[in-house]
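Novice: Fold the following, please.
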Amino acid sequence: MERFEQARAAEQLRDWDAAIALVSARAECYSTDHSMHDNHLWHMDLLACAKRFPELTELALTDVHARRRLNRSLREQGMEAALHSRANDGDRDALYVLVRLLCETRRTQEAHRAVQDFGPDDQYAHQIMARFRPPSNGTQ
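Specialist: Numbers count the residues shown, from 1 in each chain. Next up is the predicted model:
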């Protein structure tokens, strides 16, 4: 339990290097040990807080949790161009995050263009856009 407390203290102090080192030592993606899996998710969060996007990007090649956390972080940091690039490279989660962002900021034409460019047959991307369309008959 001491390692956990040390990691939490480092995180609160924003000592990202220490927190990441402590957490990553006991982290494993999809571990049957739930605490190791939780540490893996925590590790991804710490990398995002530390703005270690190159590390997250590298991990995102094979780790769905890293990919999702990276895309959320890019959105939070206003790095729309990076999301666009990731969607262009085939990252479906980046496309979904980008489409939500564009729709939420009332840029539905840009969202439509992104879907047409990166996932014209992607039903989920179309569903995201549909949630932001006003009712066609004028009812609420």
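
Novice: make it CA atoms for all contacts and neighbour counts henceforth
Specialist: Fine.

Novice: Strands of the protein, residue ranges please.
Specialist: Applying DSSP state E to the chain gives no strands.

Novice: Which helix runs longest in it?
Specialist: Looking across the chain with DSSP state H, the single longest helix is helix 34-49.

Novice: mean confidence for it?
Specialist: Here helix 34-49 scores 96 as its mean pLDDT.

Novice: List the contacts of it.
Specialist: In this structure, residues lying in contact with helix 34-49 by Cα atoms under 8 Å, 6 or more residues apart in numbering are 11, 16, 19-20, 23-24, 26-31, 53, 55-56, 65-66, 69-70, 73.

Novice: Can you list the buried residues in stretch 18-33?
Specialist: 18-20, 22-24, 26-29 (16 or more other Cα atoms under 10 Å).

Novice: Adding pLDDT and distance to residue 126, write those out as TSV.
Specialist: Putting the buried residues of stretch 18-33 into TSV (pLDDT from 0 to 100; distance: Cα to Cα, whole Å) gives the following:
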residue	pLDDT	distance to residue 126
18	97	42
19	97	39
20	97	37
22	96	41
23	97	38
24	95	37
26	93	39
27	95	36
28	93	34
29	93	30
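
Novice: so of these, which ones are in helices?
Specialist: Among the buried residues of stretch 18-33, DSSP H puts 18-20, 22-24 in helices.

Novice: Among these, which one sits closest to residue 81?
Specialist: Closest approach to residue 81 among these (Cα to Cα): residue 20, at 27.3 Å.
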